[in-house]
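J.: mind folding the following:
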Amino acid sequence: MDTFNIALGATLGGQWAKSPKTPTIPSSGTPLKNTNSYPVDIYVTEGVVTQIAITKSSGSTYVVMDNAAGITMSGQGYTLQPRDSITMWYSMVPTWVWLAA
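T.: Numbering: from 1, shown residues only. Below is the predicted model of the structure:
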């Protein structure tokens, strides 16, 4: 097992500093913004989702998944740049995880 020491008061930078908190999934149809200063990858699993849209910080909206019958998500990934928003419409709440891109 490798160990290392960090000087008192030192901080880790780079990817180590980029550890976004995974937010709670909002109500169906409610947008959620990436408030981090870096891009995040969002992986959506489970639930039954009918549509996912990404709204860019410029205001343009792109539907990235659309299935009127709804599908069970199995780890599909979406990238949000800083200030972009994601909106999901679902009949059964999915789960997700946010990771630094």
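
J.: rest of the way, CA atoms for contacts and neighbours
T.: Noted.

J.: is T45 in a bridge, and if so with what?
T.: S74, T95 (DSSP bridges).

J.: okay, it: pLDDT?
T.: Looking at T45, its pLDDT is 94.

J.: and S19, by the same measure?
T.: Per the predicted model, pLDDT is 82 at S19.

J.: does it count as helix, strand or coil?
T.: Counting by DSSP: H, G, I helix; E, B strand; the rest coil, the backbone at S19 sits in coil.

J.: that one touches A100, doesn't it?
T.: Yes - at 6.1 Å, S19 and A100 qualify as touching, with contact defined as C-alpha atoms under 8 Å.

J.: hey, C-alpha coordinates of stretch 38-51 in CSV?
T.: Output of stretch 38-51 as CSV, limited to C-alpha atoms (Å, rounded to 0.1, in the frame of the first residue of the first chain):
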residue,chain,number,x,y,z
TYR,A,38,-16.2,23.2,-14.8
PRO,A,39,-18.1,20.8,-17.0
VAL,A,40,-19.8,17.8,-15.5
ASP,A,41,-20.8,14.4,-16.9
ILE,A,42,-24.2,13.2,-15.7
TYR,A,43,-25.1,9.5,-15.8
VAL,A,44,-28.8,8.6,-15.5
THR,A,45,-30.0,5.2,-14.5
GLU,A,46,-33.2,3.5,-13.5
GLY,A,47,-36.6,5.2,-13.4
VAL,A,48,-38.8,5.7,-16.5
VAL,A,49,-37.8,8.8,-18.5
THR,A,50,-39.8,10.2,-21.4
GLN,A,51,-37.5,13.1,-22.3
